[in-house]
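Trainee: structure of the sequence below:
(chains A and B)
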Amino acid sequence: MTSDERLGLVRAGLAARHAREWRFRFYGILAILAALSFVAILFGMILSRGLPAFTQATLTLDVHFDAAVIKVGERPTRTGNQSHAEYAKAVSDWERKMTMVNWNRLIEAAVREAAPDTKANSREILSIVETNARFELRDMLVADPTLIGKTVQVSLLASANADNWLKGNIDRALPDAQQQLREPARALADQLKAEGKIRNAFAWHIFTNVDSRSAPASAGLAGAFVGSLYMMLVVIVLAVPIGVMSAVYLEEFAPKNRFTDLIEVNINNLAAVPSIVFGLLGAAVFINYFRLPLSAPLVGGLVLSLMTLPTIIIATRSALRAVPPSLRQAALGLGASKTQTVFHHVLPVTYPGMLTATIIGVAQALGETAPLLLIGMNAFVAQVPATPLDQSSALPVQIFLWQGNENRNFFEARTSAAIIVLLGLMLTLNAIAIFLRSRLEKRT
Amino acid sequence: MTRHFLVATVASAALAASLGAASAQSRDIIQIAGSSTVLPFASIVAEEFGQAFPDYKTPVVGSGGTGGGLRQFCAGVGENTIDIANASRRIRAAEVEACNAAGVSKIHEVMIGYDGIVFASSAQGADFALEPVHVFKAVAAQVPVDGKLVDNPYTKWNEIDPSLPDQPIALAIPASNHGTREVFQERVIAEGAKAAGLPELSKEELEKVTTTFRQDVVVEIAGDYTETLARLQANPDTIGVFGLSFYEQNRDTLKVATVSGITPSLEAVAAGEYPVSRPLFFYVKGEHIGVVPGIAEYVEFFLSDQMAGLGGTLETAGLIPAPAEELAEVLASFQEGRTITVEDVK
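Mentor: Take a look at the predicted model:
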């Protein structure tokens, strides 16, 4: 075969080879587009559902703190011969009396003032105001007793049902029998909205309030957020040092033999164990054996630490393996000890890798739900935990709980809003990881 | 660098040490778990309780179903066991025995009101006027045809009874971890079996007929009612079993079936007309009263007029209030310290 003939053969096949290459690139682009469109659909759905929940129907009312309704004396002051316990009891009795005041009468009067010609009765009027309004008025008065007899402009949340009605989350064309609010209450809500006395205000309380079932419109994420934060702290304090130390020892110091091979295989196995298994383990060991409290972020953090450990060990080991042996040999050659080599020369190079491993592990732990359900963290908790030993919820569990709430019309949007907050937190964590990594990489 | 690692190690050691300290610290917050039907009511009371009694913390309310809650309740006495178990059925003799064996011998029973169980379908679907016998014939694996038990032949509702819609049979019922399931079996299936004209059967055979359901058209839901609702949205032909309060909150998407000609409503259940209703309970661990602060106050607050009473907060949330005398009786027996034994629930 002459070279011309060979060239001819190559040229004949060239078109087919080019076409094959072009097809392959095209499939690649298609795959990326498909993946991107899934992400876009997911984010689009969550955002379109969740963003409206960040604003909520809020009433602006002139509330008159009527002395004839609030028949509670002044806050007790400590007299000379009163012991501390007696004084505390007097104050708590006074606070109880304040709670028992018929605040609803003040609210009703204020709504009637705003809409004098309404046909709604007391029950219907109160059905458009969220039930926690009475505690807000109480807290205002407890904080400032001089308000008695005065008229103050107060902004109060509209009830979840009123919010649904005004936002159109419940079909406005449905007959009365299928509506949650009665006809006069709906008319009242529409009237107040038209007059600007109900407006859509940014719902700050999603971030500052704890979960609520008796006043669903006031439900927020503060308790779950702090619970998640405590768990992350426990994970960082426990899993990161233990994980990094194990990785350094296994990679740099441990002899290579059957036993260390076995450990390595088992660490990889551990990384593949489904998270729910860690939950069962946590319930059996931490709660039943160590007698730690139910629903506590400490227990949640311990369980998540176990889950995150293998991830951190594996990622740190691969970061260590990527360090060129010449670095170690140079350090050893200059007379550094093994420990000095590792801590002074090898580890600093792996910081970016270790940091990425940590943040990926922590982000994974932050989104984990299943193991938390088994240690009682899916309980309804209406307070911000003060310590990691207090009962608490967690962000992903809160999403799960809101998803199961019986007021679907209201909590569907609220659930997506909680997802947005959680995703925002994850993206922030990842952004921090990228930022720190690029900075550290520049330094080394 | 070494110093950083030392700090981290010390910190983790301190955390590990706090494990031991944790068990010695006493709990000052009431811990509740159990029925998902009672959960909304208990959570509302817990929140209001926290507001009304500034000296006590707001109780924590978990779910897990009646069975799960009572299992936790009967795990023993101590800090990390729950104080109160919510239940949508009465405690069973076996559960009382388990409790006693674990050292929980003072079980106070508190009845808080009533709940109705409804059959609901998608609001766009056809109207259903059900009788217990219809439901029995739809779900049982074996049904009587011409006096003999045969494998269930029905595929559409109108084959069971011409008055029912021409719609494929599909049901979503609560799984056995829910107290609702027991009421469903007792009040609907057992009643329906009686009316279905079963041939002569031994007790065991009857038991088998009334508890074995078809697997192809009946879905058992272990989660809560939103899961049942999701089933209805996925397959609009499905009829779901819900608590009355859940249906009341979702009237815009659900349509309720009448049972024996009665439309379920607060009034119909309260008057005893609607056949599928049941009392709701919670159980209090006597050993924890006085140890965990506020338990007795919580019970009294729960039974007060402003909560469980007629026109109280819980009625707005969908609980059917018990008559005032009944609540007063329950409260009195709690305050006297009456506990229940195996004999009481046999």
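
Trainee: mind giving me the packing neighbours of the helix or strand of chain A with the lowest mean pLDDT?
Mentor: Taking mean pLDDT, DSSP states H and E as the measure, chain A has helix A:84-100 as its least confident helix or strand, at a mean of 85. Identification of packing neighbours for helix A:84-100 by 3 or more Cβ pairs under 8 Å, 6 or more residues apart in numbering or on different chains; DSSP states H and E yields helix A:133-143, helix B:39-52. Yep, even glycine has a C-beta here, placed from its N, CA and C like the rest.

Trainee: turn those into TSV, columns for mean pLDDT and distance to A:Q153.
Mentor: What follows is these, written out as TSV (pLDDT from 0 to 100; distance: least, Cβ to Cβ, whole Å):
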stretch	mean pLDDT	distance to A:Q153
helix A:133-143	90	11
helix B:39-52	92	24
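
Trainee: which of the ones you listed is buried the deepest?
Mentor: helix B:39-52 (a mean of 25; mean count of other Cβ atoms under 10 Å in any protein chain shown).

Trainee: give me the beta-bridge partners of the residue nearest to B:Q233 when sequence neighbours are not counted?
Mentor: In space, and not counting its chain neighbours, B:Q233 is closest to B:S122: 7.5 Å by Cβ to Cβ, 6 or more residues apart in numbering or on different chains. Applying DSSP bridges to B:S122 gives these bridge partners: B:L254.

Trainee: tell me the pLDDT of B:S122.
Mentor: Looking at B:S122, its pLDDT reads 91.

Trainee: returning to what we had before: alpha carbons only: can I get the least confident helix or strand of chain A in PDB?
Mentor: Only the C-alpha atoms of helix A:84-100 are listed here, as PDB (Å, rounded to 0.1, in the frame of the first residue of the first chain):
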ATOM      1  CA  HIS A  84     -36.800  36.800  97.500                       C
ATOM      2  CA  ALA A  85     -39.000  33.800  96.900                       C
ATOM      3  CA  GLU A  86     -42.100  35.700  98.100                       C
ATOM      4  CA  TYR A  87     -41.400  38.600  95.800                       C
ATOM      5  CA  ALA A  88     -40.800  36.200  92.800                       C
ATOM      6  CA  LYS A  89     -44.100  34.500  93.600                       C
ATOM      7  CA  ALA A  90     -45.900  37.900  93.700                       C
ATOM      8  CA  VAL A  91     -44.400  38.800  90.300                       C
ATOM      9  CA  SER A  92     -45.400  35.500  88.700                       C
ATOM     10  CA  ASP A  93     -48.900  35.800  90.200                       C
ATOM     11  CA  TRP A  94     -49.200  39.300  88.700                       C
ATOM     12  CA  GLU A  95     -47.900  38.000  85.300                       C
ATOM     13  CA  ARG A  96     -50.500  35.300  85.400                       C
ATOM     14  CA  LYS A  97     -53.200  37.800  86.100                       C
ATOM     15  CA  MET A  98     -52.000  39.800  83.100                       C
ATOM     16  CA  THR A  99     -52.200  36.800  80.900                       C
ATOM     17  CA  MET A 100     -55.800  36.200  82.000                       C
END
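
Trainee: give me the domain ranges for chain B.
Mentor: B:28-114+B:279-345, B:116-277 (automatic domain parsing).
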